[in-house]
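[1] One predicted model, sequence on top.
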Amino acid sequence: MLPEESVSTPEAVASGDSPGSDSGELATTATEAAPAADPIAASIARLYGEPLLRMPTDLYIPPDALEIFLEAFEGPLDLLLYLIRKQNFNILDIPMAQVTLQYLKYVDQIRVSNLELAAEYLLMAAMLIEIKSRMLLPSRKSEVEEDGGDPRAELVRRLLEYEQIKLAAYDLNTIPQFERDFVRTQIFIEQSLTPTWPDVEAVDLQQAWLDVLKRAKLTQHHRISRQELSVREHMTNILRRLQSARFVEFGDLFDIAGGVPIVVVNFVALLELAKETLIEITQAEPFAPIYVRLAYSPA
């Protein structure tokens, strides 16, 4: 059966309904409807948040900048084991031709960039080539008995031992380690039951002394007299008073009626006792009254 042919009548041509005119209109409409290219989508990169539309002419790329290491191996045995496991080869029946070829390709890539590292892999490459040649050549009966029949036996043994050690090392690495996966917290708990009183600052002691001195000045008399005052005597009086009470307020240790000279000597006696650690000056909390008590040594 022949395919149907389209026949254009003169009426259709005269009326302008030709296929060419329709396609021209559709092409014009499609061109007008096409959206403008997005500069962000057309950019090759972003520099400081701005799209980069073309490569800079003065851009310098070092030769080693685009060097990519897809796989990192810890040694020749690691590489050889990777090639065997990647292709699902039987480790007890290694196809030496394929493995040796792939191994030598990788060694050639290393020699281009790092000759010292390639030296470690060349020894294993020589061993693979030797095993491959021994498998190609006919072996004598005496050599078969000495080697056990398969020149790959020693290599297989080393690969199996290496794989066991590698898996054991991986299992040990999954165990949580101190300062890598967790840290120990330290909590300090004060177990002492002895109350610790806050230290009396020099400013608080000065303010208390000024208050006592201010009250002493309010009761002073305008008399001129000479009076011998003993600091030791006032020290003894303070100690006697503290023996009868556990705590005595700082202001109660001063005799305001005696005047400023007695108050000053009494304050000097109090400082001497504190200097010789015979008394303790304590305060329960900031801005609280200051108390004086006898010093004692805990048993």
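    Structure's in. What do you need? Numbering: from 1, shown residues only.

[2] Wait, residue 242 touches residue 294, no?
    Yes: contact status for residue 242 versus residue 294: in contact at 4.9 Å, counting by CB atoms under 8 Å. Heads up, the C-betas are built off the backbone N, CA and C, glycines and all.

[3] The two: who's more crowded?
    The neighbour comparison of residue 242 against residue 294 (other CB atoms under 10 Å) goes to residue 242, with 20 against 16.

[4] quick one on the thing from earlier: common neighbours of residue 242 and residue 294, please.
    With contacts taken as CB atoms under 8 Å, 6 or more residues apart in numbering, residue 242 and residue 294 have residue 279 as neighbours in common.

[5] just the strands in the protein please.
    45-47, 50-52, 248-249, 279-283, 290-294 (DSSP state E).

[6] As a check, name the ranges of all helices in the stretch 151-299 of the chain.
    153-174, 202-218, 231-243, 260-275 (DSSP state H, counting those that start in this stretch).

[7] Neighbours of the nearest residue to residue 162 once chain neighbours are set aside, how many?
    Distance criterion CB to CB, 6 or more residues apart in numbering; nearest residue to residue 162, sequence neighbours excluded, is residue 77 at 4.5 Å. When counting by other CB under 10 Å, one arrives at 18 neighbours for residue 77.

[8] Residue 77 contacts residue 161, doesn't it?
    No: the pair residue 77 and residue 161 does not pass the contact test of CB under 8 Å, sitting 9.0 Å apart.

[9] any low-confidence regions in the chain?
    Residue ranges of the chain with pLDDT under 70: 1-41, 61-72, 113-117, 139-149, 190, 192-194, 220, 222-225, 297-299.

[10] how near is residue 216 to residue 151?
    Separation of residue 216 from residue 151 (CB to CB, to the nearest Å): 112 Å.

[11] no, scratch that, I was asking about residue 82
    In terms of CB to CB, residue 82 sits 22 Å off from residue 151.

[12] Comparing these two, which residue is more hemmed in?
    A direct count of neighbours by other CB under 10 Å for residue 82 and residue 151 places residue 151 higher, at 19 against 14.

[13] burial count for the residue nearest to the more buried one when sequence neighbours are not counted?
    Leaving aside its chain neighbours, residue 151 sits nearest to residue 134 (4.3 Å; criterion: CB to CB, 6+ apart). As a burial measure, residue 134 scores 15 neighbours (other CB under 10 Å).

[14] do residue 212 as well
    With other CB under 10 Å as criterion, residue 212 counts 18.

[15] mind listing what it touches?
    250-251, 254, 256, 263, 267.

[16] rerun at 10 Å
    250-251, 253-254, 256, 263-264, 266-267 (CB atoms under 10 Å, 6 or more residues apart in numbering).

[17] Return a ChimeraX selection command for the buried portion of the residues you listed.
    The following ChimeraX line selects those of the contacts of residue 212 that are buried, judged by 16 or more other CB atoms under 10 Å:
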select :250,253,254,256,263,264,266,267
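
[18] got the contacts of residue 212 as CSV, with distance to residue 282 columns?
    What follows is the contacts of residue 212, written out as CSV (distance: CB to CB, whole Å):
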residue, distance to residue 282
250, 10
251, 15
253, 14
254, 18
256, 23
263, 21
264, 23
266, 19
267, 17
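
[19] Residue 233 against residue 269, yeah?
    Yes: at 8.1 Å, residue 233 and residue 269 qualify as touching, with contact defined as CB atoms under 10 Å.

[20] Looking at these two, which one has more neighbours?
    residue 269 (22 against 11).

[21] May I have the residues that are in contact with that one?
    229-239, 253.

[22] buried subset of those?
    Buried among the contacts of residue 269 by 16+ other CB under 10 Å: 234-235, 238, 253.

[23] okay, these in a markdown table with distance to residue 279 next?
    Converted to a markdown table, those look like this (distance: CB to CB, whole Å):
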| residue | distance to residue 279 |
| --- | --- |
| 234 | 13 |
| 235 | 10 |
| 238 | 7 |
| 253 | 10 |
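
[24] Closest to residue 206 out of these?
    residue 253 (16.1 Å; CB to CB).

[25] surely that closest one meets residue 242?
    Yes: the criterion here is CB under 10 Å, and residue 253 meets it with residue 242 at 8.5 Å.

[26] Spit out the residues that contact those two alike.
    By CB under 10 Å, 6+ apart, the residues touching both residue 253 and residue 242 are 279, 292.

[27] what's stretch 198-210 in contact with?
    Counting by CB under 10 Å, 6+ apart, 249-251, 254, 263-264, 267, 270-271, 274, 280-291 sit against stretch 198-210.

[28] Can you select the buried ones from these in PyMOL?
    Selection of buried members from the contacts of stretch 198-210 for PyMOL, criterion 16+ other CB under 10 Å:
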select buried, resi 250+254+263+264+267+270+274+280+281+282+283+290+291
